[in-house]
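Colleague: compute the structure for the input listed below.
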Amino acid sequence: MSNKKQRLLNPNTNPEEVLAVPVKQSDPVELYRPLRNLVTRIYSESNAEKVESVLETLNKCRSDMVERGDLSLPMQRDCLIHYFKCLCMVEPLFSDADSDADSDAIVFVWYDAFYSEHEGGVSSQRNSIQLEMAAVLFNLGAICSQIGASFDRTTALGRHLAMDAFIAAARFFMKLWEVHAKEVSATLDLSPLFAESLHCLFYAQALELKLQQQQNNNSSSALEKNRCAFLFESVSAHYERAYNLILGDSAAIDHVLAFDPTWITHLLKKGKFFREEARQRRSSILPKSLTHEPPFSSRLSCAILDHDAESVTEKLVRGTCRRLDLWIPKLEGWYLDVVLSEDTPFKIIDGRKLAILSSSSSSSSHILALPLKKSEPLDLYESLRNYFVVNYSESVAKRVEGVFEMVNKLRSEMLRDDLPVLMRRDCLIRYFKCLCMIEPLFPMTTSPNPPIFVWYNAFNPQENSSQHNIHLEKASVLFNLGALGSHIALSCDITTLQGQRIAINALQDAAYWFLILTHEAEKASATIDLSISCTQMLREIITAQIADLECRFPQPRFVSDSVGCPVSLLYRKAFELSALGPLAETRPVKSLIPKYLGSNLITCHNEFAPVDVTEEFITGYCKAVRFLSGHCGAQHEFPAGCQPPCLDLLSEAGPVMIKDENLVANLRGSNISIGGNELPGDHSNMTTDII
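Modeller: Numbering: from 1, shown residues only. Next up, the predicted model:
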């Protein structure tokens, strides 16, 4: 192991002790055969064939989770998240198993995490997927706690990553405490009391790191001093809450003392220390009533690095986290993301499996496929690397050249006309994230050869805009993401229920990207297709299309607010926008758009499609994504969900990752071609092809 990696990942170099939780252990269990037999009996053999790759993946995930000891902590985290999503897919089957006398028994056996030996702390329940999900959530929290403890917190980057990891651990234990721990009768480590105490512990450790960052600001203003005192109080409150929860229960006291008696002493000393520090700081500053402190949870969600970041690596990491709102999963569009995104283990393929896209273009006249913007090729690698050589040094440029390689590769890939639509969408999203990472470098006025972005009008290719402004690049990428959503919707077979849902979600996805474009367009002076007025018109068209499709949708629970307005009025509003201002004289308004809008001033009718086990599985998968994203019940106080963006730099799914304290291209996660290697281990039986 290199010296750099030792500094970043060796917990022995940390000056302050932090606590981490061991993972729960489990006995192996076969899931594929009994669940497949159950689907065959309850549904049909054809339904079982449609979802057998899901069941194979479920079985493989659990095997890796239980039996493989060679996985790194980030890989264990990714595997557990995949497995939890798979469990949500098959959850309805376990209710069917309870009522099916012929079903094979599935016995889940889990051992208490705080017992070193498999004695005296065993949970074992038949067909209890609730126990399985609770144990997986516990292990996700435990793995994140170990990831956080592994970093060298004497560096700004190490503190940043450790804080994000402890935030994730706190959120997983919160979900265990508030949801799943109440549904199982298990060992003490899965009880609501223990889950809440662990939530408070890791929330406190995240707050403590936030406090270190706050103190590094070296600001003497009353507001900053008040914020610092507020952080001391918050850290103390959470350590004291964890301590009081354990001390209030005799069984919990015995449990912790048997595991590690220093835990209780640690919580007590931490709580007292930060409480006393808070009192002293409050006595030396203005009263709290004279300051306006925002809720702490909103500030904790955005992991901002120290102002005196010690290397350029932190500057780029700060860039990828600065627009956190872009990575929060949307309230609409999950269905599209979970089954089309390259970061998920399942893909939509031919009718043999999860059939949603048609093999040929849809003949529906209700969907308008918007043209994509074209761009001139550009070598970003040399421009970006030279900037760092001139402004920093050759050694610094080497530390982050992997980012520049990936940016350059993704830009070339996104311009390929032969790239399938779904792959192109993934490529654009990855490229946009990389643009957010390098945005702090612009404008590159000190670079010897700053990049010039050239983009052509999507509706009039004779017009173009040529700028050094990175916001032109970001706005153009956002436009193409919105346009690709319309292409995906057009390719869907809307005679099927799943096809309708994908088409609607694809349009909702397009509307989201055009909404983000309205904010980015203000920073870029470009062709008319990137103007705010054109973007608003396109969003109105998409809104009308969504309402049009939802009128044909057989299940009211998926209907959005747009259905409350007659479809013809929505199309009329879009038509009127196209006839106003500068848009009235543009080419698209004179040809493509008015013809489309005029033909769609229609009334609604309903079409019904059958529901099968595939629909049930995908609905469960969407439920898992909502749950982990924080949009579930009372989880709104954590808008970033259980997966803070900085932790993506530890994952093997993203385009860029941290290695030896440098940012490098992740060739495995950035592979544009679809493969069966999303999860660790051999996945030769996992179907991941798409049309």
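
Colleague: only C-alpha atoms from now on, for both contacts and neighbour counts.
Modeller: Fine.

Colleague: what about the closest residue to Tyr381 other than its chain neighbours, neighbour count?
Modeller: Take Tyr381 and drop its neighbours on the chain: the residue closest to it by C-alpha to C-alpha, 6 or more residues apart in numbering is Phe404, 5.0 Å away. Look at Phe404: counted by other C-alpha atoms under 10 Å, it has 24 neighbours.

Colleague: surely Phe404 is within a helix?
Modeller: Yes. Per DSSP: H, G, I helix; E, B strand; the rest coil, Phe404 lies within a helix segment.

Colleague: report the helix or strand with the lowest average pLDDT across the chain.
Modeller: Sorting the helices and strands of the chain by mean pLDDT, DSSP states H and E puts helix 296-301 at the bottom, at a mean of 36.

Colleague: quick one: low-confidence ranges for the stretch 301-450 of the chain?
Modeller: 301-315, 317-366 (pLDDT under 70).

Colleague: and what about Ser123, helix, strand or coil?
Modeller: strand.

Colleague: number the chain from 7, please
Modeller: Okay, using 7 as the starting number, the last item reads as Ser129.

Colleague: tell me the pLDDT of it.
Modeller: On pLDDT, Ser129 comes in at 82.

Colleague: about what we covered before: residues in contact with the residue nearest to Tyr387?
Modeller: Phe410 is in contact with 386-387, 390-391, counting by C-alpha atoms under 8 Å, 6 or more residues apart in numbering.

Colleague: how far away is it from Gly254?
Modeller: 54 Å (C-alpha to C-alpha, to the nearest Å).

Colleague: again, but for Ile48
Modeller: Per C-alpha to C-alpha, Ile48 is found 48 Å from Gly254.

Colleague: who's more crowded, those two?
Modeller: Ile48 (15 against 11).

Colleague: quick check: the more buried one vs Phe114, distance?
Modeller: 22 Å.

Colleague: go on, Leu213?
Modeller: 36 Å.

Colleague: who has more neighbours out of those two?
Modeller: Comparing Leu213 with Phe114 by other C-alpha under 10 Å, the one with more neighbours is Leu213, at 24 against 19.

Colleague: tell me the mean pLDDT over the helix or strand where the more buried one lies?
Modeller: Taking DSSP states H and E as the criterion, Leu213 maps to helix 198-221. Helix 198-221 shows an average pLDDT of 90 in the prediction.

Colleague: buried stuff in it?
Modeller: Residues of helix 198-221 classed as buried: 198-220 (neighbour count, 16 or more other C-alpha atoms under 10 Å).

Colleague: so what's Gly127 up against?
Modeller: Applying C-alpha under 8 Å, 6+ apart, we find Gly127 in contact with 117-118, 121, 193.

Colleague: gap between the nearest residue to it once chain neighbours are set aside and Ser130?
Modeller: Closest residue to Gly127 in three dimensions, ignoring its sequence neighbours and counting by C-alpha to C-alpha, 6+ apart: Asp118, at 4.8 Å. The gap separating Asp118 from Ser130 is 11 Å, by C-alpha to C-alpha.

Colleague: wait, doesn't His474 sit right on Pro456?
Modeller: Yes. The pair His474 / Pro456 is scored as a contact, 6.9 Å apart, by C-alpha atoms under 8 Å.

Colleague: the more surrounded of the two?
Modeller: Taking other C-alpha under 10 Å, His474 and Pro456 do not tie; Pro456 has more neighbours (19 against 16).

Colleague: list the contacts of stretch 526-544.
Modeller: Residues beyond stretch 526-544 that count as contacts (C-alpha under 8 Å, 6+ apart) turn out to be 462-465, 469-471, 475, 477-478, 480-482, 485, 520-521, 523-524, 580, 583-584, 589.

Colleague: narrow those residues to those that are buried.
Modeller: Buried among the contacts of stretch 526-544 (16+ other C-alpha under 10 Å): 462-465, 470-471, 475, 477-478, 480-482, 485, 520-521, 523-524, 580, 583-584, 589.

Colleague: out of those, which are inside strands?
Modeller: The strands, defined by DSSP state E, take in 462, 470-471 from those.

Colleague: which one of those sits closest to Cys498?
Modeller: The closest of those to Cys498 turns out to be Tyr462 (C-alpha to C-alpha; 28.1 Å).

Colleague: show me what contacts the closest one?
Modeller: Each residue near Tyr462 by C-alpha under 8 Å, 6+ apart is listed here: 379-381, 468-471, 533.

Colleague: residues in contact with Pro198?
Modeller: Counted by C-alpha under 8 Å, 6+ apart, Pro198 has contacts 182-184, 187-188.

Colleague: just Asp76 next, same as before
Modeller: Listed by C-alpha under 8 Å, 6+ apart, Asp76 has no contact partners.

Colleague: assign it to helix, strand or coil.
Modeller: In three-state terms, and counting by three-state DSSP, Asp76 is coil.

Colleague: I'd assumed Pro457 was in contact with Glu479.
Modeller: No. Assessed by C-alpha under 8 Å, Glu479 is found out of contact with Pro457, at 10.7 Å.

Colleague: how much space between the nearest residue in space to His261 that is not next to it in sequence and Ala176?
Modeller: Closest residue in space to His261, ignoring its immediate chain neighbours: Phe120 at 7.5 Å, by C-alpha to C-alpha, 6+ apart. Here Phe120 is placed at a distance of 18 Å from Ala176 (C-alpha to C-alpha).

Colleague: which of the two has more neighbours?
Modeller: Neighbour count, other C-alpha under 10 Å: between Phe120 and Ala176, Ala176 has more, with 29 against 19.

Colleague: what sits against that one?
Modeller: Ala176 sits next to 147, 204-209 when contact means C-alpha under 8 Å, 6+ apart.

Colleague: isn't there a strand covering it?
Modeller: No. Counting by three-state DSSP, Ala176 is not found in a strand; it is helix.

Colleague: got a list of what the nearest residue to it once chain neighbours are set aside touches?
Modeller: Distance criterion C-alpha to C-alpha, 6+ apart; nearest residue to Ala176, sequence neighbours excluded, is His205 at 4.4 Å. By C-alpha under 8 Å, 6+ apart, the residues touching His205 are 175-180.

Colleague: repeat that for Ser240.
Modeller: 210, 213.

Colleague: if I look at it, how far off is Ala248?
Modeller: Ser240 is 13 Å from Ala248, by C-alpha to C-alpha.

Colleague: relative to Pro40, how far out is Leu79?
Modeller: From Leu79 across to Pro40, the span is 30 Å (C-alpha to C-alpha).

Colleague: same question but for Leu386, I mixed them up
Modeller: For Leu386, the distance to Pro40 equals 53 Å [C-alpha to C-alpha].

Colleague: lovely, talk soon.
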